[in-house]
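*Asks:* Sequence first, then the predicted structure, then my questions.
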Amino acid sequence: MTNAAKVLAGLEAELGWVRDTYRDLHRQPELSLEEHRTARLVEDKLAGFGYRVVRLGGTGVVGVLANGDGPTVLARADMDALPVTEATGLSYASEVTGVMHACGHDVHVSTLLGAAKLMADGRGAWSGTYIALFQPAEEVGAGSKAMVDDGLAAKVPRPDVALAQHVMPAPAGTVSTTAGPVLSAGDSLRITVYGKGAHGSMPHMAVDPVVLAASIVLRLQTVVSREIRPGEFAVLTIGALNAGTKSNIIPDRAELLLNIRTYDPQVRSTMLAAIERIVKGECLSAESPREPDFEFYDQFPLTANDAAVTEQVTAAFTSHFGPAAVGHAQPQTASEDFSHIPDAFGVPYTFWLLGGVDPATYRAAESQGTVSRDIPGNHSPFFAPVLDPTLSMGVQAHVVAALSWLAPDTTRP
């Protein structure tokens, strides 16, 4: 029997409370930096399992389980929910008005707690230190940095490797890995351009910021199509254009909210330079009375998996789950702030994807070519990972990945 099999021998007995924990978290979602109930639940569980518990970054929780000599492995789960009104119709749907676990962080918390319990119960099969880290505020890109700024690297043992997973709209019972970029870097910008206000009947006396902003919106469409090499990944979205209060008043300013996604730092630099050049050029052309303002917010780092770590985890998954259950993950256009945590320690990491859709439902949509239409994605009010086998796979994936460092000798008695 492998060491992973030894640790996972108690899985079926634990899945009942893991499912209950998932339903409870789904009913009581909490927004970013407001995860107080969730943090207390996690603290109580970890303390009961025998972990040394540390609170960091306000609502972040870390459990440390030292078990003799050996490597140190850190596994991370995010905890926050989204300002989304749930429409799943589930019996355990959100009871908090306008808030929902629409990105699966309830799956992440419950599966890491399940893994933490099995690792504690199975200490005879491994040696080293296991760290279970529960991070707040991933959705606003602030939680991992809050934990780092609160002394994470000084208060927690330095890991040799960091691991994380994310439930996605893929068949339940599968995991997917990839080396290199798996999630994009993300930058949001608030750009304010200035005009000269006037009566709507006297446009000749104004510098119209609405027209200026509209010109900028159109010109920005050429950044990806004309300034980024074909084949390079880049997204530029203008999510909002806000100006004015009344139909007969030309306002004195307009605000644009932009979001860009990239995998390559050089592509990111090219896009940011182009955005600044275009905005300033249009302002100059319009005779704007003052320079535009640029404000960055909700910034997310690139998540780029270490090749050697990913190879080791993929091999462990393939050995445990079988090759049919382990796929190659395509890089995703969404973003994450997980990498701030391993970067704070200067250690490698890998971040894999966990399927959460009923396999028959997914196959039916795939055969019809309607996956994007019929399978709700993350952040949808209809996003609802199936409990089984998603939770079981998530717990197993954490345990198997960690043990590929903590108990690599499968012949060990």
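*Replies:* Perfect, thanks for sending it. Numbers count the residues shown, from 1 in each chain.
*Asks:* residue contacts, A75?
*Replies:* Neighbouring residues of A75 by CB atoms under 8 Å, 6 or more residues apart in numbering: 112, 115, 130-133, 162-164, 398, 401-402. Yep, even glycine has a C-beta here, placed from its N, CA and C like the rest.
*Asks:* hmm, 7 Å instead?
*Replies:* A75 makes contact with 112, 115, 131-133, 163, 398, 402, according to CB atoms under 7 Å, 6 or more residues apart in numbering.
*Asks:* Going by neighbour count, which of these are buried?
*Replies:* For the contacts of A75, a neighbour count by 16 or more other CB atoms under 10 Å gives the buried set as 112, 115, 131-133, 163, 398, 402.
*Asks:* following the lengthiest helix in the chain, which helix or strand shows up next?
*Replies:* Using DSSP state H, we find that the single longest helix of the chain is helix 265-285. Downstream of helix 265-285, the first helix or strand assigned by DSSP states H and E is strand 293-300.
*Asks:* From F345, how far off is the residue nearest to H340 when sequence neighbours are not counted?
*Replies:* Leaving out its chain neighbours, the residue that sits closest to H340 by CB to CB, 6 or more residues apart in numbering is S144, at 3.9 Å. Separation of S144 from F345 (CB to CB, to the nearest Å): 12 Å.
*Asks:* Could you look up the SS state of G355?
*Replies:* Taken by DSSP: H, G, I helix; E, B strand; the rest coil, the conformation at G355 corresponds to strand.
*Asks:* Quick check: the gap between the nearest residue to S184 once chain neighbours are set aside and L82.
*Replies:* Spatial nearest neighbour of S184, chain neighbours left out: R261 (4.1 Å); criterion: CB to CB, 6+ apart. R261 sits 18 Å away from L82, going by CB to CB.
*Asks:* same question, L189
*Replies:* With distances taken as CB to CB, L189 is found 21 Å from L82.
*Asks:* Strands along the stretch 51-200 of the chain, start to end?
*Replies:* For the stretch 51-200 of the chain, the strands defined by DSSP state E, counting those that start in this stretch occupy 52-56, 60-67, 72-78, 128-135, 161-171, 175-177, 180-183, 185-194, 198-199.
*Asks:* how about these, which one is nearest G377?
*Replies:* strand 161-171 (5.0 Å; CB to CB).
*Asks:* got a list of what the most centrally placed residue in the chain touches?
*Replies:* The residue lying closest to the centre of the chain (CA atoms, centre = their mean) is E336, at 3.7 Å. Contact partners of E336, counting by CB under 7 Å, 6+ apart, are 138, 183, 300, 303.
*Asks:* And the pLDDT for the first one?
*Replies:* Just to be clear, that refers to E138. Looking at E138, its pLDDT reads 97.
*Asks:* I'd guessed it sits against A77; true?
*Replies:* No - contact between E138 and A77 fails when scored by CB atoms under 7 Å: they sit 9.5 Å apart.
*Asks:* who's more crowded, these two?
*Replies:* Neighbours around E138 and A77, counted as other CB atoms under 10 Å, are more numerous at A77. The numbers are 28 against 24.
*Asks:* My guess is that one contacts V107. True?
*Replies:* No - in this structure, A77 is not within contact of V107 by CB under 7 Å, at 8.7 Å.
*Asks:* which neighbours do those two share?
*Replies:* What both A77 and V107 touch, as defined by CB under 7 Å, 6+ apart, is an empty set.
*Asks:* quick check, distance from stretch 15-25 to the centre of its chain.
*Replies:* Stretch 15-25 has its C-alpha centroid displaced from the chain centroid by 21 Å (CA atoms, centre = their mean, to the nearest Å).
*Asks:* circling back: list the contacts for the residue nearest to S184?
*Replies:* 184-186, 235, 333, 335 are the contacts of R261 under CB under 7 Å, 6+ apart.
*Asks:* Just the buried residues of those residues.
*Replies:* Here, 16+ other CB under 10 Å leaves 184-186, 335 buried among the contacts of R261.
*Asks:* Can you show me the helices along the protein?
*Replies:* Secondary structure of the chain (DSSP H): helices at 3-7, 11-27, 36-49, 105-121, 143-149, 152-155, 209-220, 222-227, 265-285, 307-321, 340-345, 359-368, 371-374, 390-406.
*Asks:* Nearest approach to E95 belongs to which of these?
*Replies:* helix 11-27 (5.0 Å).
*Asks:* can you list contacts of that closest one?
*Replies:* By CB under 7 Å, 6+ apart, helix 11-27 touches 38, 92, 94-95, 101, 106-107, 109-110, 113-114, 117-118, 387, 391-392, 395-396.
*Asks:* Now it - C-alpha only, PDB.
*Replies:* The C-alpha trace of helix 11-27 is given here as PDB (Å, rounded to 0.1, in the frame of the first residue of the first chain):
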ATOM      1  CA  LEU A  11     -11.400   9.400   3.400                       C
ATOM      2  CA  GLU A  12     -14.900   7.900   3.200                       C
ATOM      3  CA  ALA A  13     -15.400   8.300   6.900                       C
ATOM      4  CA  GLU A  14     -14.500  12.100   6.700                       C
ATOM      5  CA  LEU A  15     -16.500  13.000   3.600                       C
ATOM      6  CA  GLY A  16     -19.700  13.400   5.500                       C
ATOM      7  CA  TRP A  17     -18.500  16.400   7.500                       C
ATOM      8  CA  VAL A  18     -16.600  17.700   4.500                       C
ATOM      9  CA  ARG A  19     -19.900  17.800   2.600                       C
ATOM     10  CA  ASP A  20     -21.600  19.400   5.600                       C
ATOM     11  CA  THR A  21     -18.900  22.000   5.800                       C
ATOM     12  CA  TYR A  22     -19.200  22.800   2.100                       C
ATOM     13  CA  ARG A  23     -23.000  23.300   2.400                       C
ATOM     14  CA  ASP A  24     -22.600  25.400   5.500                       C
ATOM     15  CA  LEU A  25     -20.100  27.700   3.800                       C
ATOM     16  CA  HIS A  26     -22.200  27.900   0.700                       C
ATOM     17  CA  ARG A  27     -25.200  29.000   2.800                       C
END
